[in-house]
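K.L.:
sequence and computational prediction follow.
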Amino acid sequence: MNNAWRKSMQLKFDYNNMMKAFIGEEGFTEAEIKSNTDLAKSAFETVAANRGKGMMGWTELPYNQKETVEDIIATAKEIKKRFDNFVVLGIGGSALGPTAVFQALCHLRHNELPRSKRKFPKLYVEDNVDPERMAALLDVIDLEKTVFNVITKSGATSETMSQYLIITDMLKARFGDKAKEHMITTTSESRGNLIKLAQKEGLKTFYIPDGVGGRFSELSPVGLLPAAVVGIDIKAMLSGAAYMDKICMRKDLKKNPALLSALLQYLAMKKGKNISVMMPYADSLKYIADWYCQLWAESLGKAADKKGNPAFTGQTPVKALGVTDQHSQVQLYREGPFDKVITIIGVEKFRNEVEISRGCEEFPDVNFLCGHTMGELINTERVATEYALATAGRLNHTILLPEVNAFTVGELLYMFEMETAFCGEMLGIDTYNQPGVEGGKNATYALFGRKGYEQTLKEMQSAPAKQEKYTVTD
Ligand code: PA5
């Protein structure tokens, strides 16, 4: 991986279709960008000054994990020898990253391949407490050949802890003292219950650094262990993130894609563009959109700014897939309300190519496809959609990956994290908390009779009771 190769793998950020010159009235002018340079500068300086501190520990992950990475690689090697299934139990930031990276960098039918072709264990990411899903998982895995990775930063998340309890019970019943060989935990070293349980049970444990929040944790052991287990080059992923970090630390707004993109999104929000659509034109990047949705929603959706003033910030993230959603959502994107920014992710060179066969010369309406490839078709449709959106005056920009590999995926994840950090500063909010998630969590605790939540239960019981007349039953 030399410098020339790295440069050739650099992501491109094309924001032509955010500009007035290309999309008309809805677009931005050079003057508008220029007049907000100070805002961008101030966001940049705050991020630069705080990197590595407080909840910005994630900026150091590309650099400070040498020993952990070696441990992860050695652990993954052992797992590969003994096991056929690797099951992640986690939710939110503890699940979306592993899923996104697995889809991006493994064979798209990895779990269905025979072991001889797959070479690495199957990966399952279980991020819900739907009992049918748990039962279905247990129907397809052999416990003997399975290792579970319980991932929870807080070590307290009810959903993950319930999964931990169920699986631990099963493993102990089946393997007795050897149950611990089937369980690895990834959690905070300094807080939560999982670390205490892990120590009591003698479980192999990886730590999530204190300054790394759930949605910023993919490049920590949260994402690195599952990735290494399925054969992904995690060093290359971190190297891509480090490469992007250097780019994101450029002071020049026009040379810093994360800062520029954050500013354009910020300006769009100010003009009422409250929806951010993430639309990769590649199945491999489909779940990057899910991961992005959490990052963008939980980080920027805040009721108050840092000073406690009402703010009600954020954009609703929407995931879409090109070309699939051209036949579903693009109608709305092109003709519906002017309330969206569409981020398209393109891939210049696909890892596989399939030629479209010849064979129906007598039908010109079909024949025009013949002799082209599927890669050409998907990319042509991407360019055509960008054009169609632009001509309808719709804000859209494109991030182009030269190809999908561990390095470019590391770049992409890191770029979105930086964009979120910059945008949070522009909005003046705390990017790293999630007070809005607490409401539902606390109500669940209260309803389950958890100690300390008696007052919440009382409040719930005194809330207006649901009425029959507002329920349609027949
Ligand atoms: O970004 C966050 O902090 C959250 O969305 C968490 O990822 C999610 O709530 C899961 O938390 P934990 O990893 O503590 O179980």
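P.N.:
Looks like it arrived, so ask away. Residues are numbered from 1 along each chain as shown.
K.L.:
distance of residue 461 relative to the ligand?
P.N.:
Separation of residue 461 from the ligand (C-beta to the nearest ligand atom, to the nearest Å) stands at 26 Å. Using the backbone N, CA and C atoms, a C-beta is placed for each residue, glycine as well.
K.L.:
and the helix or strand encompassing that residue, what does it pack against?
P.N.:
Using DSSP states H and E, residue 461 maps to helix 454-462. If contacts are counted by 3 or more C-beta pairs under 8 Å, 6 or more residues apart in numbering; DSSP states H and E, helix 454-462 sits against helix 435-447.
K.L.:
quick one, longest strand in the protein?
P.N.:
strand 340-349 (DSSP state E).
K.L.:
how about the strands in the stretch 1-150 of the chain?
P.N.:
Shown for the stretch 1-150 of the chain, the strands assigned by DSSP state E, counting those that start in this stretch span residues 12-14, 85-89, 122-126, 146-152.
K.L.:
spit out the contact partners of the residue in the stretch 201-350 of the chain that the ligand sits nearest to.
P.N.:
Residue of the stretch 201-350 of the chain nearest the ligand, by C-beta to the nearest ligand atom: residue 214 (2.1 Å). Applying C-beta atoms under 8 Å, 6 or more residues apart in numbering to residue 214 gives the contacts 92-94, 153-154, 222.
K.L.:
go with 6 Å
P.N.:
Residues counted as contacts of residue 214 (C-beta atoms under 6 Å, 6 or more residues apart in numbering) are 92-94, 153.
K.L.:
restrict the residues you listed to contacts with the ligand.
P.N.:
Residues of these in contact with the ligand (C-beta under 6 Å from any ligand atom): 92-94, 153.
K.L.:
tell me the two of those residues that are most distant?
P.N.:
92 and 153 (9.1 Å; C-beta to C-beta).
K.L.:
who's more crowded, the two?
P.N.:
residue 153 (29 against 22; other C-beta atoms under 10 Å).
K.L.:
need the residues of the stretch 251-400 of the chain near the ligand, please.
P.N.:
residue 298.
K.L.:
and the helices in the stretch 251-400 of the chain?
P.N.:
257-270, 286-300, 330-335, 364-367, 374-391 (DSSP state H, counting those that start in this stretch).
K.L.:
what about the longest helix along the chain, average pLDDT?
P.N.:
Using DSSP state H to assign secondary structure, the helix with the most residues in the chain is helix 406-427. Helix 406-427 comes out with an average pLDDT of 98.
K.L.:
what is that helix packed up against?
P.N.:
The helices and strands touching helix 406-427, judged by 3 or more C-beta pairs under 6 Å, 6 or more residues apart in numbering; DSSP states H and E, are helix 37-50, helix 234-248, helix 257-270, helix 286-300.
K.L.:
what comes into contact with the lowest-mean-pLDDT helix or strand in the chain?
P.N.:
Least confident helix or strand of the chain, by mean pLDDT, DSSP states H and E, is helix 364-367 with a mean of 87. Contacts with helix 364-367, where a contact means C-beta under 6 Å, 6+ apart, come from 360-361.
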